[in-house]
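Participant: sequence first, then the predicted structure:
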Amino acid sequence: MPFQSATTECFRLNEFSGLLQLAFGLNLALPILREFSILPRLPITRQLTAIEQLIGLRKYASTSVTADLRKRIETAKRQLIIIDEGLKDWINGCAVGTFFFALTALYFSFYAAMDTSCMGRGLSFVTTTIHFFPLPLCLFILFLRTRTVYGNLSTDVAAIKKDAMSK
């Protein structure tokens, strides 16, 4: 029962402990986002490898066509490395932010354990928000960032593939 009585409206720590465990576990799940945010990279790297093999097997009318395709593939690979470095910074920034939110939530939980009367509605709302706010926000930020940077590269790789197949 979340409230002690109809007049007191008190949210106690024992009702909050399950919420704390779930939320803190979610906040610590941010390192898994590293893998989640790199998922769009996999099709691009597979396509680049397949295009390189195709170029090696096919005979083109001129060697300049082969050289141009290889140059574009190398440019895409360099761009992939740059994107990976940039995403690493975003992931690390989100991890640090989420960690600080988790520490703040632990502070409020410690405060609730020391306060024998009750947390009150305002503090329980703030603490719950602190627990659940950072991870969905970080997921959303990394999703948008990943789609933007890998989307442009995916378009470039598709153009390289089209040129390699048609020439």
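Facilitator: That came through, no problem. Numbers count the residues shown, from 1 in each chain.
Participant: C-alpha only now, for contacts and for neighbours.
Facilitator: OK.
Participant: which stretches of this protein have low pLDDT?
Facilitator: Within the chain, the stretches with pLDDT under 70 are 1-36, 105, 108-121, 124, 127, 131, 167.
Participant: show me the longest helix that occurs in this protein.
Facilitator: helix 63-114 (DSSP state H).
Participant: which elements pack onto that helix?
Facilitator: helix 13-27, helix 32-38, helix 41-57, helix 120-132, helix 134-166 (3 or more C-alpha pairs under 8 Å, 6 or more residues apart in numbering; DSSP states H and E).
Participant: just the angle between that helix and helix 41-57, please?
Facilitator: Going by axes from the mean of the first three to the mean of the last three C-alpha atoms, to 10 degrees, helix 63-114 is angled at 170 degrees with respect to helix 41-57.
Participant: let's have the helices and strands packed on helix 63-114 in a markdown table, adding distance to residue 102 and mean neighbour count.
Facilitator: Output for the helices and strands packed on helix 63-114, formatted as a markdown table (distance: least, C-alpha to C-alpha, whole Å; neighbours: other C-alpha atoms under 10 Å):
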| stretch | distance to residue 102 | mean neighbour count |
| --- | --- | --- |
| helix 13-27 | 6 | 16 |
| helix 32-38 | 16 | 15 |
| helix 41-57 | 30 | 15 |
| helix 120-132 | 7 | 17 |
| helix 134-166 | 9 | 16 |
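Participant: out of those, which gets nearest to residue 92?
Facilitator: helix 32-38 (9.0 Å; C-alpha to C-alpha).
Participant: ok, now how distant is residue 67 from residue 92?
Facilitator: According to C-alpha to C-alpha, to the nearest Å, residue 67 and residue 92 sit 38 Å apart.
Participant: and for residue 69?
Facilitator: 35 Å.
Participant: between the two, point out the one with more neighbours.
Facilitator: Higher neighbour count among residue 69 and residue 92: residue 69, with 19 against 14, using other C-alpha atoms under 10 Å.
Participant: what about residue 76, how many residues close to it?
Facilitator: Neighbours of residue 76 under the rule other C-alpha under 10 Å: 20.
Participant: let me redo that: residue 72
Facilitator: Residue 72 has 16 nearby residues by other C-alpha under 10 Å.
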